[in-house]
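**Student:** below: sequence and its predicted model.
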Amino acid sequence: MPFFKNLFQKKKQKPENGRQGKPPEDRGGQGEEKQTGEDAVSAKLSENEERLKAIFKHSVDLVYYRFQSESGVQAMTVYIEGIVNKQMLSKDIMGAFISKMNEVEGAPDVESLKKALYVPSLKEAEKMEEVIAKITYNHVAFFVEGLDKALVIELPAENSRGIEEPSAEIVSRGPREGFVENISVNRMLIRRIVHNPDLVFEELNLGKQTKTSINLIYIDGIHNPGILKEVKKRLGRIDIDAILDSGYIQGLIKDRAYSPYNTIGITERPDVLAGRLLEGRIAILCNGSPVVLTLPYLFMENFQASEDYYNSFIGASLLRILRYIAFMVTILTPGLYVALSTHHQAMLPTKLLFSFISAREGVPFPTIIEVIALIIVFELLKETGVRMPKAIGQTISIVGALVLGQAAVEARFVSAPVVIIVAITGITSFFFYELNGAIIVSRFLVTIMSAILGMYGVMFSLIIITLHLISLTSFGIPYVSYIGSLKYQEMKDTIIRGPWWLMNLRPKDMSPHNTRRRKSL
Amino acid sequence: MKRHIRQIALLVILCLAITFVTGCWGYKDVDELFIVIGGYLDRDPITKEFILYAEVLKPKGGKGGEMEKEVVSGKGDTIFAAIRDALISGGGKLYWGHTQVWVIGRRLAESGIIASLDMISRGTEIRTDTNVLIYDGDNIKELIEAHSKNALQNSMAQHLSSMIEDYRLSGKFVATPIWKVLSELTSTGTSLTMPLLEIYMAGDSMQMDVKGIAVFHTDRMVGDIDRDYGLFLYGFKGDLDKEYILYLPEINDIPANALEVASTEYKTEIKEGANGLTAKVRCEITADLTSFISDKDYLEMDTIVFLEREYERYIREEFLKMVREVQSKYGVDIFGFGDQTRIQLPDYWQKVKGDWNAAFRGMEVEIEPHVHITMTGMAHEPFVPAGGE
């Protein structure tokens, strides 16, 4: 054991060294930006223009537009083409400036400009650095000759994708709206459901290069302040070049980075998000991603669907039980088949054993190779089906079903029971698209262990999986919370979905200060 | 990942440890197994070697997934040696986990079955719910050959298994799985009985049937009793399922009848008398009248009472005949009176348990049957032939 101890201690020290080494690099990177942006905004338009052109390396998408008011005041707008609303720019800013500047007496100052322009989101910037940050994100910079300040005006272009039903979360009953890439549209979608001043969007920017806008969403009073503090702490520690999707954040603030199980939930549906917010959860909205993160995320949420809450609780409860069964089936079936047919033939009914034997007659590979190969082929087909353009996807399914299924069995490459078993595990795994990676890992563990140890292996790997799940937490809350609970209140929305008139309380861990959902009768 | 090296190492060590501890190394693909469906044991009269026949099912090949039968045989001084010998001729390891039936030849049974049962019962593969039968013939090979000549079922063992299932409701014999054989074999108060098979010619084809019930003294077969006694023997021992048929043969002017028995209850009272033990058996049978050949109206109370008395007389006669035959002919307590004595007269049992069979031989047995016909099950009045009355 001293060997392991040493190993362990060494590992602990290394990351600290790494951290110490990093900051100088960071400073170097930032310092460069500062040098260019340190200077204050000049009072001369041409000077400003030259400097911006130098900073943006004469990039063609930047528009520098000079014009003059009727009273002869020189001005310039700078913006990135395509990301600002040109119509508003020309009508409400440039038009207003040209006509209204006559009424202003003397040299133009910020106050007079604010009076003249028609836009609400107008801020002044004294440093070039601020101007640059705003230009790259939906803003127009407005310079006036003789004024050593710039005005930055938010004018986002309305060219986002239309609101569609998310393809990953299709329901037969319930709202059809899904989030889009534009963060302000997403905010609007949430506001449209929760009309409440307590709904809070907190803004922060992440990514040294991308400066991606991130929103923390929660309902004040319902949320758990402790969890919010923890989320902010973890977000504050993020040090990365770019955030291109909410998945980056998910990977960076997750509790146990090496676990294949998700401890942060995702959704593309505003109604699902609203439901989770109302249970005291906190959401992270990331500009450019239609996928919203919700946390804390519990294991049982994998088995819940938004439709459960819209349909009758009896049917929903049965479906939920079915999902739990499907989870066991998708993880255990290949392992059980291998264990029973290679170690414990006595446990099979005689007639079933005979049908296994005759099916395997002539198959050259051992059962375990057969099973693992077919699982890999299935995952390949699945992955191809997802990546392929829709039109070709159909071909893949035909090739997969006919060529691989039928022909492989007839050519005696694989036996028919294995095809059936892999098909069952494949179909049942589609229940849990968020658990996809975890299911593949768990299934392989069970299958390989069962080939080595038989039923012992199945039990052993089940114990490992269970221990792992129990050891997980999501922002301080045990991952498998409520699943084994025998408390009346906690059982109502776990294995079953209780009727609404019985669900009086919110989950206590996530909403400690406002637990009552409705008055009980 | 580096942080977890310790945990991963521990996990790997645990996994490896498990493989050493459990000894679960038996990875074998199903198609490499030779599934033995029936085992047949006998003894060579001259060399005294054990002879083993194993009925193996193998896939026929092709699409249908049919299985074909193959018989492998082996000889040896012990059963294990015989199995090993069979392995050579079979060309692979025999798998006994799905054996449905064991048949032991009469010659082997008469010389003692412990030697053969020991291997069967203590082997890890063989299930203890496998049924054991005794074959009433000199050569067990005959039995296997008899089957293959007119094979209704795929294999002999399957045929025997379905026969055991079919006989369940007849009350003529009760299957004896290995665990039951062992428990009766080790009991001092009950002697072992097992079903006895026979082969006979029906026209030009050979047929198999249950001939009777083999009676054992310790582990040696001493003889057999008629299979019709099974109804009373197994009824008395409480082994019969419900709904068996109690058949009253035609005697004098009473036509043949049959009852479907709903419940049977035998109660025995053992008493110590001057001339040894007396067993008073009280038998309560509740039954429905299911078939009769008569023009009498069984819906009438008088007829039912009359029939009940007739059944009681018949049971008394047959039961006592069976007990006396066993007492005089074999002198072994196959009924379990010994166990009753042990429970009811523990002091007396201590005296006689050394030679219980001697005490059983001198035992006076009385029976008092009560038959209750609860339903006649007839929706219509009986048909009266034209011109009959």
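**Tutor:** Yep, it's here. Residues are numbered from 1 along each chain as shown, chains lettered A, B, ... in the order given.

**Student:** what strand or helix carries the closest residue to A:His139 other than its chain neighbours?
**Tutor:** Closest residue to A:His139 apart from its sequence neighbours, by CB to CB, 6 or more residues apart in numbering or on different chains: A:Val152 at 4.7 Å. (Glycine included, C-beta is placed from N, CA and C.) Applying DSSP states H and E as the criterion places A:Val152 in strand A:150-154.

**Student:** could you list the paired strands of that strand along with their orientation?
**Tutor:** Strand pairing for strand A:150-154, determined by DSSP bridges: strand A:122-125 (antiparallel), strand A:139-144 (antiparallel).

**Student:** so what touches the helix or strand following that strand?
**Tutor:** Counting by DSSP H and E, the next helix or strand C-terminal to strand A:150-154 is helix A:183-193. Contact partners of helix A:183-193, identified using CB atoms under 8 Å, 6 or more residues apart in numbering or on different chains, comprise A:156, A:160, A:163, A:177, A:179-180, A:199, A:201, A:213, A:215, A:217, A:270-271, A:273-274, A:277, A:285-288, A:290, A:292.

**Student:** helix A:183-193 to strand A:150-154, inter-axis angle?
**Tutor:** 50 degrees (axes from the mean of the first three to the mean of the last three CA atoms, to 10 degrees).

**Student:** okay, now A:Ile170: neighbour count?
**Tutor:** Other residues near A:Ile170 come to 12 when the count uses other CB atoms under 10 Å in any protein chain shown.

**Student:** likewise B:Ile35?
**Tutor:** As a burial measure, B:Ile35 scores 23 neighbours (other CB under 10 Å).

**Student:** for the residue of the stretch 101-250 of chain A found nearest chain B, what are its contacts?
**Tutor:** Residue of the stretch 101-250 of chain A nearest chain B, by CB to the nearest CB: A:Arg237 (17.3 Å). With contact set as CB under 8 Å, 6+ apart, A:Arg237 has no partners.

**Student:** spell out which parts of chain B neighbour chain A.
**Tutor:** Those residues of chain B that sit near chain A, judged by CB under 8 Å from any CB of the partner chain, are B:1-6, B:9, B:11, B:15, B:18-19, B:22, B:24, B:26-31, B:33, B:35, B:37, B:57, B:59-61, B:65-67, B:95, B:97-98, B:100, B:125, B:127.

**Student:** buried ones only from the residues you listed, please, as a ChimeraX command.
**Tutor:** Here is the ChimeraX selection string for the buried members of the residues of chain B next to chain A, based on 16 or more other CB atoms under 10 Å in any protein chain shown:
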select /B:6,15,18,24,27,28,29,30,31,33,35,37,57,59,65,67,95,97,98,100,127
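
**Student:** of the residues of chain B next to chain A, which belong to strands?
**Tutor:** Residues of these located in strands (DSSP state E): B:Ile35, B:Ile37, B:Leu57, B:Pro59, B:Met67, B:Tyr95.

**Student:** which single residue in chain B comes nearest to chain A?
**Tutor:** At 3.2 Å from chain A, B:Gly97 is the closest residue in chain B, using CB to the nearest CB.

**Student:** I'd guessed that residue sits against B:Asp129; true?
**Tutor:** No: contact between B:Gly97 and B:Asp129 fails when scored by CB atoms under 8 Å: they sit 11.9 Å apart.

**Student:** who touches both of these two?
**Tutor:** By CB under 8 Å, 6+ apart, B:Gly97 and B:Asp129 have no common neighbours.

**Student:** how close does the residue in chain A that chain B sits nearest to sit to A:Gly457?
**Tutor:** Chain B sits closest to A:Ala346 of chain A, with a gap of 3.2 Å, by CB to the nearest CB. According to CB to CB, to the nearest Å, A:Ala346 and A:Gly457 sit 17 Å apart.

**Student:** show me the strands in chain B, by range?
**Tutor:** Assigned by DSSP E, the strands in chain B fall at B:34-43, B:50-59, B:67-76, B:94-95, B:101-105, B:131-135, B:176-177, B:193-202, B:205-217, B:220-226, B:245-248, B:257-273, B:276-292, B:364-375.

**Student:** show the contacting residues for residue 226.
**Tutor:** If you meant another chain, say so; for now it's chain A. A:Gly476, A:Pro512.

**Student:** that's the wrong chain, I wanted chain B
**Tutor:** Listed by CB under 8 Å, 6+ apart, the contact partners of B:Asp226 are B:Gly212, B:Ile213.

**Student:** among the strands paired with strand A:150-154, show me which one is buried the most.
**Tutor:** Ranked by mean neighbour count, the strands paired with strand A:150-154 are led by strand A:139-144 with a mean of 26 (mean count of other CB atoms under 10 Å in any protein chain shown).

**Student:** domains for the chain, by residue range?
**Tutor:** Reading this off chain A. Domain assignment for chain A by automatic domain parsing gives A:45-154, A:183-297, A:311-477.

**Student:** to clarify, I was referring to chain B.
**Tutor:** B:28-240, B:242-381.

**Student:** which residues sit in contact with the residue of chain B closest to chain A?
**Tutor:** Listed by CB under 8 Å, 6+ apart, the contact set of B:Gly97 reads A:Gln345, A:Ala346, B:Ile35, B:Glu125, B:Ile126, B:Arg127.

**Student:** surely the first one is in contact with B:Asp31?
**Tutor:** The reference is to A:Gln345. No: using CB under 8 Å, A:Gln345 is not in contact with B:Asp31, being 11.0 Å away.

**Student:** would you point out the helix or strand in chain B whose mean pLDDT is lowest?
**Tutor:** helix B:140-149 (a mean of 71; mean pLDDT, DSSP states H and E).

**Student:** skipping its backbone neighbours, what lies nearest A:Ala274 in space?
**Tutor:** Closest residue to A:Ala274 apart from its sequence neighbours, by CB to CB, 6+ apart: A:Ile193 at 4.4 Å.

**Student:** next up, the contacts around A:Glu379.
**Tutor:** Contacts of A:Glu379 (CB under 8 Å, 6+ apart): A:Ile440.
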